[in-house]
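*Asks:* 3D model of this:
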Amino acid sequence: MLVRKKVHLRKGVHNIKVVSPNVNGKIDLLTISSRRLLSDLFAAENKIVSIRQVSATAWTLKLNSTSSCLLTFEESYDPGWILVINDSLIRSIPVNGIVNGFYITRCYIHEILYIKFWPQDVFKFGWNLSTFCILLSMYSLAVGFSIERRREIKLL
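*Replies:* Model prediction:
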């Protein structure tokens, strides 16, 4: 059931209680915004200077941002996407329910940003660990076979 309801509030502090119209009590999407904030988010002075794809799951970009901004990344939304700026992480948020967004709260002039899918790093670590264990097992078998072969030669 789709319920669209706009509520206009005057400037000030408000207590808001959200009650689901559904029987199961689940709310799929709730959007709260202010016009001033949205105009700040999409201000013309925030722009991407350059973008480069490093791998299938990583990009670097240079950003000129003089205010807060919402950086949208047009991949299907997945909470595994993160933005790394100066060793700090920003997790992705769904934008329009389908793409990744990163809310940048500070000013970044000529900063290099790194967007990556962190589950890929976990996969790579697991792959490398598995490869190391297989090679170690093969080495152990070869050494064991060599020692056993030497014993057989000494017994003859």
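
*Asks:* Identify each buried residue in the longest helix along the chain, please.
*Replies:* Taking DSSP state H as the criterion, the chain has its longest helix at helix 118-155. With burial defined by 16 or more other CB atoms under 10 Å, the residues of helix 118-155 counted as buried are Trp118. C-beta here means a position set from N, CA and C on the backbone, and glycine is covered the same way.

*Asks:* mean confidence score for it?
*Replies:* Throughout helix 118-155, pLDDT has a mean value of 88.

*Asks:* Likewise for stretch 18-26?
*Replies:* 68.

*Asks:* for Lys47, what are its contacts?
*Replies:* Lys47 is in contact with Leu63, Asn64, Ser65, counting by CB atoms under 8 Å, 6 or more residues apart in numbering.

*Asks:* is the last one in a bridge, and if so with what?
*Replies:* According to DSSP bridges, the partner residues bridging Ser65 are Tyr108.

*Asks:* ok, it to Asp87 distance?
*Replies:* 18 Å (CB to CB, to the nearest Å).

*Asks:* Between the two, point out the one with more neighbours.
*Replies:* Ser65 (21 against 5; other CB atoms under 10 Å).

*Asks:* Ile51 pairs with what?
*Replies:* Judged by DSSP bridges, the bridge partners of Ile51 are Leu61.

*Asks:* which residue packs closest to Ser50, ignoring adjacent ones?
*Replies:* Nearest in space to Ser50, with sequence neighbours left out and distances taken as CB to CB, 6 or more residues apart in numbering, is Lys62 at 4.7 Å.

*Asks:* Read off the pLDDT value for the one you found.
*Replies:* On pLDDT, Lys62 comes in at 83.

*Asks:* Then the one 10 residues further on?
*Replies:* Per-residue confidence at Thr72 stands at 82 (pLDDT).

*Asks:* I figured it was touching Ile93, is that so?
*Replies:* No: Thr72 sits out of contact with Ile93 when judged by CB atoms under 8 Å, with a separation of 9.9 Å.

*Asks:* Show me what the residue nearest to the spatial centre of the chain bridges to in the sheet.
*Replies:* The chain has Trp81 as the residue nearest its centroid, 1.7 Å off, counting by CA atoms, centre = their mean. Beta bridges link Trp81 to Phe117, judged by DSSP bridges.
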